[in-house]
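Peer 1: let me see the structure of the following:
(chains A and B)
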Amino acid sequence: MEVRTRFAPSPTGYMHIGNLRTALYAYLHARKNGGKFLLRIEDTDQARLVEDSVKVIYESLRVTGLEHDEGPDKGGPVGPYVQSERRPIYREYAEKLLKEGHAYRCFCEKEEKTEKPADEEQEGLLLGYDGRCGRLSEAEVQANLAKGLPFVIRQKIDKEGSTTFNDFVYGPITVEHKQLDDQILLKRDGYPTYNFANVVDDHLMGITHVMRGCEYISSTPKYILLYKAFGWEIPEHIHLPHILDQSGKKLSKREGSAALSDLLNKGYLPEAVLNYIALLGWNPGTEQEFFTKAGLIEKFDIARIGKAPAMFDETKLSWLNAQHVKALTPEAAHKLFLKFYPEKIVKEFDAVKLTGFIQGKVEKLSDLPAMTAFLAQLDEQYSTELFVHAKNKTTLEGSKAVLKDLEGILNALPSWEYAFILAAVKAYADAKGAKLGPVMWPLRIAISGQAVTPTGAVEIAELLGKPETLRRITVAIGKL
RNA sequence: GGCCCCUUCGUCUAGCGGUUAGGACGCUGCCCUCUCAAGGCAGAGAUCACGGGUUCGAAUCCCGUAGGGGCCGCCA
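Peer 2: Model prediction:
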């Protein structure tokens, strides 16, 4: 049977990283098995509709390359793919349940949600709706209908017995029916609840593997009961452990890293994000950690999804991102870097060369401005103490002398190419009978004004150009 | 409160009855090097949440306990 998975987000306005991982796994499983990956929009809560948020979903899927085969924008054989456009379908199936005694109309007011007698609670009986409308006689129902009372449709659950389903990752899970309340299937406004729409749509859309967060585990028996009431085949259920923040709580958007857009804005590559979240709850069974999307498709296996929740660790994401940046072609890297370079760098420097120098040293793209700021503007207030470096045996006086010599030597250079500059500095060091370090150190400090630079002295000098290099050397000599 | 689930280095994880409990990030040190990185090498870091069993033998199987998470919405 063809594998069909789906990503069914509700339009909230941003793409939560946990949801993205669910989408990823569903996508990978479909691709791995030559199946179909569908997108379904779950917009059944009219009160929570957020303008344009469906666009965020499309954009997130596009930028990460999680292409769906069927969906609202692409069509497909089992549409419509937006739940708000499927209302007649839910109505039809709800009525079928009504007719067959698996559901009933509930005329209770919203607030009437009935307190349970204390002793009943102590016995561990259900806390939810008490099912009173389920006990209405046909005559009472008709009378309420005749009065035009508004109603919802609830699932009728016999409180005897239990239901067991087999979760693909968590194994068999059993819940006593008395724990299950008569959940609402169709709301007063005619829209279905998630609980109902999900079951109906997953079945009608031929979903073979239902993947979702593990917060649905407890409710799944209710869905199983629905499948059974309809006489439908039960799909494979794959519940995924949560992704937690650094403090062990559920990743929230307040943290600033819960949304895909946050991560992208920080300069993480989409593929690195995919790679990282894939590893949160799944492993390939080998020691490989670097994966392209194609590599993930090749190696992904739902059998290796774990049960324990995982903490989101941005430090490791950074490392993985650096691996992906390194793996980029120079052209691709430059195109990306250009978006993060300060304007002045792009305008006044050979940015292509710069990219070449630092591609292997960039962790995340948003570091670029800080990494390159010294090129555009020398902070002349830097401490002269930087010239003193024990390992390279440099001192203040020595540095001054070296810089004075270098000033003349570099000024006399006929060409400002990397090789010429390096050769000249080397020749000078040789003549002095010194190693390169004692000469390069003062030079680099002088022209960068900082202890740590993303690249070496000669590269910096080449980027800076002759006049600016000499100017900075002069400034340094003046300071010393 | 009831029910469900989870628990191996700080973090992500391997492990599926016999391993010196392996790898990765991070951390420390060394090497390399025109700096820092990167790269290479090395090291520290886990009494496998705890307590009982079962077994010749348990991180692995069973039962408890504790801690954490989830569900109990006309949200999804």
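Peer 1: so how far is stretch A:24-44 off the chain centroid?
Peer 2: A distance of 16 Å separates the centroid of the chain from that of stretch A:24-44, by Cα atoms, centre = their mean, to the nearest Å.
Peer 1: go through that stretch and flag the buried ones.
Peer 2: Using 16 or more other Cβ atoms under 10 Å as the test for burial, stretch A:24-44 gives A:24-33, A:35-44. All C-beta atoms are positioned from the backbone trio N, CA, C, and that covers glycine.
Peer 1: isn't A:S448 right up against A:I460?
Peer 2: Yes - here A:S448 reaches A:I460: they are 5.8 Å apart, a contact under Cβ atoms under 8 Å.
Peer 1: what sits in contact with each of the two?
Peer 2: Residues touching both A:S448 and A:I460 by Cβ atoms under 8 Å, 6 or more residues apart in numbering: none at all.
Peer 1: pLDDT below threshold where in chain A?
Peer 2: The model of chain A has pLDDT under 70 over residues A:111-127, A:253-257.
Peer 1: look up phi and psi at the residue sitting furthest away from the middle of it.
Peer 2: In chain A, the residue that sits farthest from the middle, by Cα atoms, centre = their mean, is A:A431; the gap is 56.1 Å. With angles defined as degrees, to the nearest 10, A:A431 sits at phi -60, psi -40.
Peer 1: how close does it get to A:K393?
Peer 2: Remark: distance between A:A431 and A:K393 (Cβ to Cβ, to the nearest Å) = 17 Å.
Peer 1: I'd like to know which of the buried residues of stretch A:24-44 are part of strands.
Peer 2: A:36-39 (DSSP state E).
Peer 1: also within reach of RNA strand B: list those from those residues.
Peer 2: Checked against RNA strand B using Cβ under 7 Å from any atom of the strand, those yield no neighbours at all.
Peer 1: which among those residues gets closest to A:K96?
Peer 2: Ranked by distance to A:K96 (Cβ to Cβ), these are led by A:L38 at 24.0 Å.
Peer 1: the closest one touches A:G76, doesn't it?
Peer 2: Yes - counting by Cβ under 8 Å, A:L38 touches A:G76, with 6.7 Å between them.
Peer 1: break down the stretch 201-350 of chain A into its strands, ranges please.
Peer 2: A:209-213, A:236-240, A:243-244, A:310-311 (DSSP state E, counting those that start in this stretch).
Peer 1: what about the third one, distance to the chain center?
Peer 2: Read it as strand A:243-244. Centroid separation for strand A:243-244 versus its chain: 11 Å, with Cα atoms, centre = their mean.
Peer 1: for the last one, same thing?
Peer 2: For strand A:310-311, the gap between its own C-alpha mean and the chain's C-alpha mean amounts to 13 Å (Cα atoms, centre = their mean).
Peer 1: that one close to RNA strand B?
Peer 2: Yes - using Cβ under 7 Å from any atom of the strand, strand A:310-311 reaches RNA strand B at A:310-311.
Peer 1: so which bits of the stretch 301-450 of chain A are right by RNA strand B?
Peer 2: A:304, A:306-311, A:313, A:315-316, A:318-319, A:322-323, A:326, A:360-361, A:391-392, A:422, A:435-437, A:440-441, A:444.
Peer 1: which of those residues are buried?
Peer 2: A:310, A:318, A:322-323, A:392, A:422, A:436, A:440-441, A:444.
Peer 1: tell me how many other residues crowd the nearest residue in space to A:L470 that is not next to it in sequence.
Peer 2: The shortest distance from A:L470 to any non-neighbouring residue, by Cβ to Cβ, 6 or more residues apart in numbering, is to A:N411 (5.9 Å). A:N411 has 12 neighbours, counted by other Cβ atoms under 10 Å.
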